[in-house]
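Participant: Based on what follows, work out the 3D shape:
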Amino acid sequence: MSQKKTVIEPKGTWVTYRPDIKVHDCTVRDGGLMNNHHFEDGFVKAVYECCVASGVDYMEMGYKADKKIYSPSEFGPWKYSDEDAMRRIVGDNKTDLKLTVMADAERTDYHQDILPKDQSVLDCIRVATYIHQIPVALDMVKDAHDKGYETTLNLMAISTVQEHDLADALDAIAKSPVGVVYIVDSFGALYSEEVRDLVQRYLKAVEGTGKEVGIHAHNNQQLAYANTIEALILGASRLDATIYGMGRGAGNCPLELLFGFLKNPKFHLRPVLQCIQNHFLPIQTKMEWGPYIQYMIGGQLNQHPRAAMAAREGATPNDYVGFYDKVIDEE
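Facilitator: Numbers count the residues shown, from 1 in each chain. Next up is the predicted model:
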């Protein structure tokens, strides 16, 4: 007996102009995971100026981490994104670019460290959470909303979440004041079919609420760009990307690729290429990111990239077979 196929109605194609699409640059925040957030001010300033010149909608400055958990003697300023540090870069940010930070559930003293909106240069608080932390995350969202911020909820490691848990979480999220809910492929494990299913589930869950759906993709299997396109065609309107794909481990959806696809006249590619040439090529001699084989293997096995990162930082970073045998034995 033949099965009836579900007909997917895409919201757009590559020739479609969609004014609802907003691009979030996560370069400093996600890239900071590779150097404990010790970026120099000049680099952060270059990223900020690039985002302004290129028409990016939102720039993520870093984290709002609890200093009682993460010692300032070990981590740089973008782990905490204190107001004075951000203002060293952006002043009063008299531009159209909106500024954000990420606040991890259970790792942020959000009542204390996230100031009321009228005392901050920030526009949006992005709450990152694992599925078991949803109650805390929703309280963080409410706190930020009540303080006057735009908010997002980034549901991490989505490739490991059970269907019934996701259904319960989306039901609670839909009832919250959050503005955007993100699909986060933390392990770079998703394929297009899974992205399609998740986007449709998220859109259905928030239908009629005014909330938007976003995607944050990692590039372990070199699918971050493709999966981001898949999500936006099906109706996701908030798209995360990083300059030159910079990010933890395998990196993220490259901003320069995304701009080329969107064909939107508000986005300008040249400032991104200039920033890559002037700032990212030099820093790549000191920091490694990209879809190396260890990250590919981890993505295929739906594993956290910590083992791959350790292998890349170890004595034999190019022993792909040894890494493969080790992780297969541990499965």
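
Participant: got the contact list for residue 166?
Facilitator: Taking C-beta atoms under 8 Å, 6 or more residues apart in numbering, we find residue 166 in contact with 131, 158, 201. To be clear about C-beta, it is placed using only N, CA and C from the backbone, and glycine gets the same treatment.

Participant: again, only this time at 10 Å
Facilitator: Contact analysis of residue 166 by C-beta atoms under 10 Å, 6 or more residues apart in numbering lists 131, 155, 158, 198, 201, 202, 205.

Participant: tell me which element it falls in.
Facilitator: Assigned by DSSP states H and E, residue 166 belongs to helix 163-174.

Participant: Can you mark which positions in that helix are buried?
Facilitator: Burial within helix 163-174, assessed by neighbour count using 16 or more other C-beta atoms under 10 Å, is assigned to 166, 169, 170, 173, 174.

Participant: Now the second one: closest residue in space that isn't a chain neighbour?
Facilitator: Put plainly, it is residue 169. residue 134 (5.1 Å; C-beta to C-beta, 6 or more residues apart in numbering).

Participant: secondary structure class for that neighbour?
Facilitator: State at residue 134, reduced to three classes by DSSP: H, G, I helix; E, B strand; the rest coil: helix.

Participant: unless I'm mixing things up, it is touching residue 167, no?
Facilitator: No. Counting by C-beta atoms under 10 Å, residue 134 sits too far from residue 167 to count as a contact (12.0 Å).

Participant: returning to what we had before: possible to save the buried residues of helix 163-174 as CSV with distance to residue 315?
Facilitator: Shown next, in CSV, are the buried residues of helix 163-174 (distance: C-beta to C-beta, whole Å):
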residue, distance to residue 315
166, 40
169, 41
170, 44
173, 44
174, 49
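
Participant: Can you list the low-confidence ranges for this protein?
Facilitator: 1-16 (pLDDT under 70).

Participant: okay, now the domains of it?
Facilitator: Listed domain ranges for the chain are 22-283, 293-330 (source: automatic domain parsing).

Participant: ok, and which of the ones you listed has the densest surroundings?
Facilitator: Most buried of the domains of the chain, by mean neighbour count (mean count of other C-beta atoms under 10 Å): domain 22-283, with a mean of 20.

Participant: Report the secondary structure element holding the spatially most central residue of the chain.
Facilitator: Nearest to the mean C-alpha position of the chain, counting by C-alpha atoms, centre = their mean, stands residue 216 at 4.3 Å. Here residue 216, judged by DSSP H and E, is contained in strand 212-217.

Participant: after that strand, next one along is what?
Facilitator: helix 224-233.

Participant: All the helices of the stretch 51-200 of the chain, in order from the start?
Facilitator: 83-90, 110-113, 134-146, 163-174, 192-206 (DSSP state H, counting those that start in this stretch).

Participant: a markdown table for these, including distance to residue 97?
Facilitator: Compiled in a markdown table, the helices of the stretch 51-200 of the chain are given as follows (distance: least, C-beta to C-beta, whole Å):
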| stretch | distance to residue 97 |
| --- | --- |
| helix 83-90 | 8 |
| helix 110-113 | 23 |
| helix 134-146 | 19 |
| helix 163-174 | 27 |
| helix 192-206 | 26 |
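
Participant: Out of these, flag the one nearest residue 316.
Facilitator: Checking the helices of the stretch 51-200 of the chain against residue 316 by C-beta to C-beta gives helix 192-206 as the closest, at 32.8 Å.

Participant: The closest one - contacts with which helices or strands?
Facilitator: helix 163-174, strand 180-185, strand 212-217, helix 224-233 (3 or more C-beta pairs under 10 Å, 6 or more residues apart in numbering; DSSP states H and E).

Participant: mind checking which of these is nearest residue 62?
Facilitator: strand 212-217 (15.5 Å).

Participant: follow-up on the earlier one: among the helices of the stretch 51-200 of the chain, which comes closest to residue 230?
Facilitator: Of all the helices of the stretch 51-200 of the chain, helix 192-206 comes closest under C-beta to C-beta, at 4.8 Å.

Participant: Alpha carbons of the closest one, as PDB, please.
Facilitator: The C-alpha trace of helix 192-206 is given here as PDB (Å, rounded to 0.1, in the frame of the first residue of the first chain):
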ATOM      1  CA  SER A 192      17.800  18.300   5.700                       C
ATOM      2  CA  GLU A 193      14.900  16.000   6.400                       C
ATOM      3  CA  GLU A 194      15.300  16.500  10.200                       C
ATOM      4  CA  VAL A 195      15.600  20.200   9.800                       C
ATOM      5  CA  ARG A 196      12.400  20.300   7.700                       C
ATOM      6  CA  ASP A 197      10.500  18.300  10.400                       C
ATOM      7  CA  LEU A 198      11.800  20.500  13.200                       C
ATOM      8  CA  VAL A 199      11.000  23.800  11.500                       C
ATOM      9  CA  GLN A 200       7.500  22.600  10.800                       C
ATOM     10  CA  ARG A 201       7.000  21.500  14.400                       C
ATOM     11  CA  TYR A 202       8.300  24.700  15.800                       C
ATOM     12  CA  LEU A 203       6.200  26.800  13.400                       C
ATOM     13  CA  LYS A 204       3.100  24.900  14.300                       C
ATOM     14  CA  ALA A 205       3.800  25.100  18.000                       C
ATOM     15  CA  VAL A 206       4.100  29.000  17.900                       C
END
